[in-house]
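this one's sequence-less:
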């Protein structure tokens, strides 16, 4: 299983940044994850308007992500 890791910073304080994880269902590799990620990122950004996505990546899910 893969996770989309979003690195986002507060709009009001761009130096205040945090990582968020979004689990991705399905059996896929990181390239497939990268292809399906944009709608997940757009939805996350829409529901978290106080944050700005600075970067993101797909990586294998770890115990800390669950």
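Arrived safely. Here the structure is a predicted model, which means the values were calculated and not measured.

do you know how far the residue lying farthest from the centre of the chain is from residue 52?
Distance from the centre of the chain peaks at residue 12, with 20.0 Å (Cα atoms, centre = their mean). Separation of residue 12 from residue 52 (Cβ to Cβ, to the nearest Å): 10 Å. Where you see a C-beta, it was placed from the backbone N, CA and C, and this is true even at glycine.

please apply the same query to residue 6.
10 Å.

and those two? which has more neighbours close in?
Neighbours were counted for residue 6 and for residue 52 using other Cβ atoms under 10 Å; residue 6 has more, 22 against 14.

which residues are in contact with that one?
19-22, 41, 44, 53, 56 (Cβ atoms under 8 Å, 6 or more residues apart in numbering).

kindly recompute the last result at 7 Å.
19-20, 22, 41, 44, 53, 56 (Cβ atoms under 7 Å, 6 or more residues apart in numbering).

neighbours around the nearest residue to the residue farthest from the centre of the chain once chain neighbours are set aside, how many?
With sequence-adjacent residues excluded and distances taken as Cβ to Cβ, 6 or more residues apart in numbering, residue 12 is closest to residue 50, at 7.0 Å. Neighbours of residue 50 under the rule other Cβ under 10 Å: 9.
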